[in-house]
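S.K.: Pasted the sequence and its predicted model underneath.
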Amino acid sequence: MLLGVSSTYAEQALGGKQPVTDVRVLIDISGSMKKNDPQNLRVPALKLVTQLLPEGTKAGVWTFGEFVNMLVPSGEVNQAWKAKAKGAAKAINSSGKYTNIEGVLKDSTWDWNKPDPNTSRHVIFLTDGMLDMSKDEAVDQAARGRILGEMLTRMKNNGVIIHTVALSGEADKPFLRQLSAATSGRYEEVGSAAELERVFLRMFEKAVPVESLPLVGNKVLVDSSVNELTMLVFRKEGVKSASLKMPDGKEIDPQNKPDGVQWQREDRYDLITIDKPMAGEWQVNAELDPDNRVMIVTDLSVRASRLPNMMMSGDRLPYFVELHDKDKIINKPQFLDFVTTALNRNYQSTLEQRVPLDDNGKGEDATARDGRFSGAVGGDLRVGEYDYELVVNGTTFKRSKRYLVQVVDKPVAVSVKEVSKGDPSQYSLTLIPYSELIKPESLVISAKATKIGGATTELTIPRAGPNEWRLDMDVRSGDRYEVALSIQAERANGQKIASDLGTYLMGAGAQDAPQGTPAIVKPKIELPVPVVDHPTATDTHGAVAEHATASATAEHGTPPAEHAAAAGHAPPAGEHHEDAAPEHADAASSDEPADEQAADDESPNWMMVGLKVVGVNVLLSLIGFFVYRKWFRKTEPQPEGGSEKESEKHD
């Protein structure tokens, strides 16, 4: 039975004419970027995404500070457009006085004023700050309301997907997360500008469907159907450029390359495009890097289901793959008999499971030998990000596709922020539902605030926008409040769910809760290990036991409400409840949290030691008592009138 995420994902990108991808890239050039991006690494990041865009897609680039600048006009991507974008990237600076987010969102999407099923619309939006259009706070708040109200509603209704990047801790994370959550986009927080190139690659892969070849051990098999090949090779700064070994044994590099090879060298990566590459095995002479890619232009293409950005633990989703020659599905048995397909699920760079995809009319596959390979993804997965890689092996050719999927145990993002200091200080608690997981309009929130050392009060958290609920609280110096949250909602398929979100601290020590598994939330988990002097379930501001954090939260997360209710508690630490292949079960069980559990098992149980010591002392005392009565009380005179039975007792 397939649960949770709508199965419409499975049919997307299959059959028929594919929609044209239209990408709008928005880059912050406000003055604060001098601190957050001192080396101006936005330039190579922008070059990367614009040069990777396949010809025939549409794209445009805007920058924004006090004013909005159309850096590269929106248009069809071709060699002239790429050359213009590469040159224009050098104009990125950090001179803007303000951060005019409303202006850039309005100007860059002005022509997306109605739905278009023939176009796949994406915005990649990078900023390091808050919406800042004026010295008047009221002006900024009014603009924020317009963006999250009418503007976001318009873009969502017109099929716009917004991917957001927060480049610093100063960024308005609830605001950016809401833009992505409401439109089924990806949200990322970046600690350093040095990560931008890889982040932009992930955003590019979310927005633009491309054909890829699997790169294994820095080797790749190129078949004769490939018309153009693009290799992205990351390297450490200061390391010389990579080189390539061709199938005929010749080596090429930036200084020695034949006609038809373009080689773009940046400080942290090489981007190599080869027209009509030689068929055979190519080798990349560089360090292995999981973010290296080989992208191609070919008539022999793969059409595969789209996977969502986000899934709930426990969700299962059908997944389909087809091979196409131009726009026609290949279903000839003499061809398909030599094709195998599988979906590899990787967690923390480790292969966890290989999901077979079959065309045999069994399981998820409706019709045998029709050219559509079928399977299912998901299951009871631990919380975290998964890298799925589709691998198609046709003996003489190979293809691949990659997907990043965030698995969460809660269908909303919760964050806490100190808005203003003083006495009282103002704190804000924000809830943002993930529209891929639940219908925002179905969300019902229950909240209770407990003043530490005081009373408990039920709260109403007001809706602050179409996709935002916010509680603002004034907290006096020395006071702290624990806010316990739970929700009820409805999935896209009509399934009703309930979820306990945990407890959040408002006051000194409050933290912004990370997406998916808030650090300050203590899930209600029963652990089969001794616990001594650990904080109670409501003591969220206290220290969390090391083994509880590692074994329970990082490894499993909080079970979804429907599974928790059936089980009564979370899975034991070190146990993996997932659809793993048997040959990988031992490897999954030997992850780091299991090692920590083993360490806990080896450590002394001081309670048991204490009980044993007390028991031994009591036993020795009793023995001593009877010895004393036996040998030293014999000569004592009997009390007058003592009975025979009393005398026997002393003997």
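M.R.: Cool, got the structure.
S.K.: Skipping adjacent residues, who's closest to the spatially most central residue of the chain in space?
M.R.: The centroid of the chain falls nearest to Q406 when counting by C-alpha atoms, centre = their mean (3.6 Å). Nearest residue to Q406 in three dimensions, chain neighbours excluded: M310, at 4.8 Å (C-beta to C-beta, 6 or more residues apart in numbering). C-beta: built from backbone N, CA, C; applies to glycine.
S.K.: go on, R470?
M.R.: A464 (4.2 Å).
S.K.: circling back: would you mind measuring from the residue nearest to Q406 to S224?
M.R.: Distance of M310 to S224, given as C-beta to C-beta, to the nearest Å: 39 Å.
S.K.: hang on, the earlier thing: didn't the residue nearest to Q406 look like it was pressed against D409?
M.R.: No. Between M310 and D409 there is no contact under C-beta atoms under 8 Å: 11.4 Å.
S.K.: where do the strands sit along the stretch 351-500 of the chain?
M.R.: 372-378, 384-393, 398-408, 412-420, 425-433, 444-451, 456-459, 463-465, 468-475, 480-490, 496-507 (DSSP state E, counting those that start in this stretch).
S.K.: quick revisit: M310 and S224: which has the busier surroundings?
M.R.: The neighbour comparison of M310 against S224 (other C-beta atoms under 10 Å) goes to M310, with 25 against 14.
S.K.: any weak-confidence spans in the stretch 1-150 of the chain?
M.R.: Residue ranges of the stretch 1-150 of the chain with pLDDT under 70: 1-13, 15-16.
S.K.: Could I get the buried residue list for stretch 82-93?
M.R.: 82, 84-86, 88-89, 92 (16 or more other C-beta atoms under 10 Å).
S.K.: what's the nearest residue to G363 once chain neighbours are set aside in contact with, if anything?
M.R.: The shortest distance from G363 to any non-neighbouring residue, by C-beta to C-beta, 6+ apart, is to S374 (7.0 Å). Contacts for S374 were tallied using C-beta atoms under 8 Å, 6 or more residues apart in numbering; they are 318-321, 357-359, 363-366.
S.K.: In ChimeraX, how would I select just the buried ones from those?
M.R.: This is how ChimeraX selects the buried members of these, with burial counted by 16+ other C-beta under 10 Å:
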select :318,319,320,321,357,358,359,364,365
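S.K.: can you give me the mean pLDDT across the helix or strand harbouring A342?
M.R.: Element membership for A342 (DSSP states H and E) is strand 340-347. Across strand 340-347, pLDDT averages out at 96.
S.K.: Report the buried residues of that strand.
M.R.: 341-347.
S.K.: nearest to P209, of those?
M.R.: P209 has its nearest neighbour among these in L343, at 16.3 Å by C-beta to C-beta.
S.K.: The closest one: what's it in contact with?
M.R.: 319, 354-355, 357, 375, 377, 388-391.
S.K.: hmm, try it at 6 Å
M.R.: Neighbouring residues of L343 by C-beta atoms under 6 Å, 6 or more residues apart in numbering: 355, 388, 390.
S.K.: Distance-wise, check the first one relative to R372.
M.R.: For V355, the distance to R372 equals 15 Å [C-beta to C-beta].
S.K.: what do you get for V160?
M.R.: Taken as C-beta to C-beta, the span from V160 to R372 is 30 Å.
S.K.: Repeat that for G280.
M.R.: Distance from G280 to R372, by C-beta to C-beta: 30 Å.
S.K.: Settle it for me: which of those two has more neighbours?
M.R.: Between G280 and R372, counted using other C-beta under 10 Å, the more crowded position is R372 (21 against 13).
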